[in-house]
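Participant: Here is the input, now give the coordinates:
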Amino acid sequence: MPEDLKYRLLKIGRWISVIPGGILCGFIVLFPLHWILYYTLVKGSMVQMPIEDMAPIERFLSPILSSIIFVYAGARIAPKKQFAVSIILFVFGVLIRAGMMFFVRFSGIELDMSFYGVSRLLLSALAGGIGVFLIYIKANEKESEN
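Facilitator: Residues are numbered from 1 along each chain as shown. Prediction:
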């Protein structure tokens, strides 16, 4: 296989995997978050609390961490224009979360809306903005090296 063709196929594969890779990384980061919270708060030596008290902390941190990682990892997967991709992923993430919030609100499903409410949407949007900022810093580092 010629090197040019291999490079082009790799580039196409990276573009295709931007959104799925970001989603997968945003999901995978929730496992270490759970384990860290569990072993520090529930099984911790200094602070011990019932596992039920850990759930609100995990619900608060999950959208923040997954939004940062979704934007950052997805943009890092992209072969070029990582800052533009991070902005697109940020907007995509906010629209998906807003769509899910409105679907739950107006579908008649009985859920605690404070869990799916505007505050979580704003927290995830702020966290996605942090992911965009991290990519911006990374892009400026690359430009200053050149």
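Participant: gap between stretch 21-30 and the chain center?
Facilitator: 7 Å (C-alpha atoms, centre = their mean, to the nearest Å).
Participant: Contacts for that stretch next, please.
Facilitator: By C-beta atoms under 8 Å, 6 or more residues apart in numbering, the residues outside stretch 21-30 that reach it are Ser62, Leu65, Ser66, Ser67, Ile69, Phe70, Val71, Ala73, Gly74, Ala75, Ile77, Leu89. (C-beta placed from N, C-alpha, C; glycine too.)
Participant: One more pass at 6 Å, please.
Facilitator: Stretch 21-30 is contacted from outside by Ser62, Leu65, Ser66, Ile69, Phe70, Ala73, Gly74, Ile77, Leu89, using C-beta atoms under 6 Å, 6 or more residues apart in numbering.
Participant: Model confidence score at the closest residue in space to the fifth one that isn't next to it in sequence, please.
Facilitator: Put plainly, it is Phe70. Spatially, and ignoring its direct neighbours in sequence, Phe70 is nearest to Gly26 (3.7 Å; C-beta to C-beta, 6 or more residues apart in numbering). With respect to pLDDT, Gly26 has a value of 90.
Participant: Run a quick neighbour tally on Gly26.
Facilitator: 23 (other C-beta atoms under 10 Å).
Participant: In the protein, where is pLDDT below threshold?
Facilitator: Applying pLDDT under 70 to the chain flags residues 1, 44-48, 51, 109-118, 146.
Participant: Can you show me the helices along it?
Facilitator: 3-16, 18-28, 30-37, 51-77, 82-106, 118-145 (DSSP state H).
Participant: and these as JSON lines, adding distance to Lys43?
Facilitator: Shown next, in JSON lines, are the helices of the chain (distance: least, C-beta to C-beta, whole Å):
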{"stretch": "helix 3-16", "distance to Lys43": "40"}
{"stretch": "helix 18-28", "distance to Lys43": "22"}
{"stretch": "helix 30-37", "distance to Lys43": "10"}
{"stretch": "helix 51-77", "distance to Lys43": "10"}
{"stretch": "helix 82-106", "distance to Lys43": "32"}
{"stretch": "helix 118-145", "distance to Lys43": "27"}
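Participant: Right, I'll call it a day here.
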